[in-house]
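Student: structure for the following, please:
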Amino acid sequence: AMNSSAFFGNSAFFNSSVFFNSSVFLHAVRCCAASMILASTAGCSMLFPKTSPQPSFYSLDGSMFEPTAANVETSRVAITTPTLIVNPPRAAAGFDSPRMIYVREAHKLEYFARSQWIDTPARMLAPLIVAAVEHGGEFGAVMLTASGASGDMRLDTEILRLQQDFSSPPSRVRFTLRSYIVETATRRVLASRDLDATVAADSDNPYAGVVAANQAVQAVLKQLADFCSRAAVDWRAAGSAGATQIEETVRKR
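Tutor: Below you'll find the predicted structure:
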């Protein structure tokens, strides 16, 4: 019998057709091929790593308010109409970031993983408020400022909620804005109101929620424009009396 050293030392055997046709050789070839495939696959994975889905960004832009005849007329007699200072809107805790909020159960706020606003809702809302109030035509000027610019009246707002609710189908978006009208000279709150709108979404997904959110914001902006216009009319009616009866008049409406 041939021992192992003699076997492996026999080069003639390894060069013979018997070895190349043997199961030992075929098995070795298969192992080498499998190893090469695995190595190339790992290399490709390192060169071309899987990319995670990019987030989608959405805006609150709404429809543009066009100047009306009332705007032009009141601008000519701005001396008899109040000037409104619009403070930058604030937002309640949880609603002060670009993350888009949804709820499935009470008292629990959740965020979409790959959908968000291009900016915080408060910053997106600020110019829309100015445009909506200007459209009402009851103010000589409407200015957005965070400084101590002088004006006859000041509008303070706070976003209480802007969320898509999935607790029952169809999902719906609710937007609530708290608003205060303050007389600058006396620092008296002339009127306050929580403005609210709920709009059903066409589908249960973030984009449908964005569309519904823009509709809800537009509905609230119309309420806000009317609210501010009434306060301006009452302020003018009060005249030199310092608008002492505006608060009672607005509450009765």
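Student: A132 falls within a helix, correct?
Tutor: Yes - applying DSSP: H, G, I helix; E, B strand; the rest coil, one finds A132 inside a helix.
Student: leaving out the residues flanking it, which one is nearest to P206?
Tutor: S115 (3.8 Å; CB to CB, 6 or more residues apart in numbering). (C-beta placed from N, C-alpha, C; glycine too.)
Student: cool, and A197?
Tutor: For A197, the closest residue by CB to CB, 6+ apart turns out to be A219, at 3.8 Å.
Student: give me the residues contacting the host helix or strand of S192.
Tutor: Assigned by DSSP states H and E, S192 belongs to strand 188-200. With contact meaning CB atoms under 8 Å, 6 or more residues apart in numbering, strand 188-200 is reached by 153, 160, 170-183, 212-213, 215-217, 219-220, 223-224, 227, 230-231, 234-235, 243, 246-247, 250-251.
Student: can you give me the strands in the stretch 101-250 of the chain?
Tutor: 110-117, 141-144, 153-165, 172-183, 188-200 (DSSP state E, counting those that start in this stretch).
Student: and the buried ones among the contacts of strand 188-200, selectable in PyMOL?
Tutor: Listed next is the PyMOL selection for buried residues among the contacts of strand 188-200, using 16 or more other CB atoms under 10 Å:
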select buried, resi 153+160+171+172+173+174+175+176+177+178+179+181+182+183+212+213+215+216+217+219+220+223+224+227+230+231+234+235+243+246+247+250
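Student: related to what we said a few turns ago, how much space between the residue nearest to P206 and I101?
Tutor: S115 sits 11 Å away from I101, going by CB to CB, to the nearest Å.
Student: please apply the same query to T81.
Tutor: From T81 across to I101, the span is 38 Å (CB to CB).
Student: then W235?
Tutor: From W235 to I101 the distance is 36 Å (CB to CB).
Student: got any ranges where this structure has weak pLDDT?
Tutor: 1-50, 62-79, 146-149, 240-253 (pLDDT under 70).
Student: try 80
Tutor: Within the chain, the stretches with pLDDT under 80 are 1-53, 62-80, 146-149, 239-253.
Student: max-length helix in it?
Tutor: Ranked by residue count under DSSP state H, the longest helix found in the chain is helix 206-238.
Student: nearest spatial neighbour of P121, skipping sequence neighbours?
Tutor: P121 sits nearest to L162 (CB to CB, 6+ apart), 5.2 Å away.
Student: bridge partners for the closest residue to E134 other than its chain neighbours, pull those for me.
Tutor: Once flanking residues are discounted, E134 sits nearest to V142: 4.7 Å by CB to CB, 6+ apart. With DSSP bridges applied, V142 shows beta-bridge pairing to L84.
Student: sheet partners, orientation included, of the strand holding S192?
Tutor: strand 172-183 (antiparallel).
Student: about what we covered before: H135 is in contact with the residue nearest to E134, correct?
Tutor: No - look at V142 against H135 with CB atoms under 8 Å: they stay out of range, at 9.5 Å.
Student: between those two, who's got more neighbours?
Tutor: V142 (23 against 20; other CB atoms under 10 Å).
Student: contact partners for the more buried one?
Tutor: 83-84, 86, 130, 133-134.
Student: so which of those residues is the most crowded?
Tutor: Counting neighbours by other CB under 10 Å, L84 leads these with 27 neighbours.
Student: touching, A132 and Q223? I think so.
Tutor: No - A132 is beyond contact range of Q223, at 9.4 Å (criterion: CB under 8 Å).
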